[in-house]
Structures are given as structure tokens and as C-alpha cells.
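> Got a predicted structure here, sequence first:
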Amino acid sequence: MLHRGHESTDGTGGDELAVPMAWLYAEYIADELLRTGDLMPPTSFEFRAGRDALALTIFLSDTGGELSGIRVVSQLETWLSLTAYDQPWQDWVRERMADLAADVHASGVPSPDLALAEAAWRWLEETELLAPDLDAVPGGAAVVGEDEGPKVWTPAWQLGLPLGHLAIHLF
């Protein structure tokens, strides 16, 4: 996967700052989808979890390195299927990250996009958020009051992924 952000604007190459454009664009699309859905306040950890999970999905599904604004609408179905409840999303992320890391290692050229994606994945895996325990509620129904019912510490990706999926539906 070529990362356009690693090229300089004048085409000379060299020691210029590599801008992670593919990751920043994926993060922008994810942010816009979540803001449009108006599911969580943009300052919340839940919003960040949704944005990072969705940005990873967008970034990692771009196998041709050609993420563009025009194709966003045509990619919604792909992102929807990748974030669906019955899909092994975390395994897919690990596999795609390993593939990209191998490509970067083989090329010998560092990828600022991959570095940001790895940081987002690390945060999603290592951070736990307190969320309603849907397994403890009869029928798995959500509790009406935000402070009512049992809560459980949940990995951020497990909370962010359904938020991202719902945001795509609402778009």
C-alpha cells in the first residue's frame, strides 16, 4: 500500500516531513460520520473509541492506497460489513496491521500513517471504558437511565465499533 503522505509536495524527496495523509483522511471521514450521527458528545471517550475504530476500518480497508472523497459513499457498504456485530473485526485489524507492517519493513521506508494507526489500535485495545453490561440485562435490552443497571469495564474497541457501525447506518 503506497502512502501518498510520504511524498514531498515538490517531488524532490529527501528529508522533508512525511505527512500521514491517508490516516488523517480516514480519521476525518470517521469523525464526520460520527458527528453526523450525533451519537455521543465529540469530547467523550466513547466518541474517540468510535472515531478510532471507524478510522482503522477506513484506513485498513483501503488496500489500493487510493482513499478519495468521491469514493466515500461507494465504500459505506464495505465499512458496514466490516463493522457488523458478527464479524471478527479485531482479528481482521491485527492481520491487516501485520500485513502493512511487513510491507513497510520490506520497503525500508517508515510509514507515518501506519504509526498513527498502530497508536490508535493500541489505545483501543489497552483502554477500558465503563459501559452498561448488556449481558446482565434480561433480553440484552439497553437500560433506560444512563446511571441505572450494572456496568462493566469494556475494551474501548468493543464500545467504539458498534458506535461506528451505527454512525454509518445513520449517514
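It's in. Numbering: from 1, shown residues only.
> Once you drop chain neighbours, what's closest to R51?
Of all residues not flanking R51 in the chain, A30 sits nearest, at 4.8 Å (CB to CB, 6 or more residues apart in numbering). Yep, even glycine has a C-beta here, placed from its N, CA and C like the rest.
> tell me the SS of the one you found?
helix (DSSP: H, G, I helix; E, B strand; the rest coil).
> what's the burial count for it?
Number of residues near A30 (other CB atoms under 10 Å) recorded here: 26.
> ok, now which ones touch it?
G50, R51, D52, A53, L54, A55, T57, I58, G164 (CB atoms under 8 Å, 6 or more residues apart in numbering).
> quick one: it and M40, what's the gap?
13 Å (CB to CB, to the nearest Å).
> what residues are shared contacts of those two?
By CB under 8 Å, 6+ apart, the residues touching both A30 and M40 are G50.
> hey, where'd the strands end up in the protein?
128-132, 151-155 (DSSP state E).
> Those: which one's closest to A115?
Distance to A115, taken as CB to CB, is lowest for strand 151-155 among those, at 21.5 Å.
> Give the pairing partners of that closest one; include direction for each.
Sheet pairing for strand 151-155, assigned by DSSP bridges, gives strand 128-132 (antiparallel).
> Buried residues, the partner strand. List them.
Buried residues in strand 128-132, counted by 16 or more other CB atoms under 10 Å: L129, A131, P132.
> Select, out of the strands of the chain, the one closest to S111.
Of all these, it is strand 151-155 that lies closest to S111, at 25.2 Å by CB to CB.
> Let me see the contact set for T154.
E128, L129, L130, A131.
> Quick one: which of these has the lowest pLDDT value?
Minimum pLDDT across these is recorded for A131, with 84.
> Identify, from the buried residues of strand 128-132, the entry nearest to R35.
Proximity of these to R35 (CB to CB) peaks at L129, which lies at 19.5 Å.
> Does the closest one touch F47 like I think?
No. Using CB atoms under 8 Å, L129 makes no contact with F47, being 11.0 Å away.
> Show me the contact partners of the worst-scoring helix or strand of the chain on mean pLDDT.
When the helices and strands of the chain are scored by mean pLDDT, DSSP states H and E, helix 72-82 comes last with a mean of 85. Helix 72-82 is contacted from outside by 29, 54, 57-58, 61, 87, 89, 92, 164-165, 168-169, 171, using CB under 8 Å, 6+ apart.
> do stretch 161-171 as well
Stretch 161-171 is touched from outside by 30, 33-34, 36-37, 39-40, 46-47, 49-51, 53-54, 57, 76, 79-80, 83-85, 89, with contacts defined as CB under 8 Å, 6+ apart.
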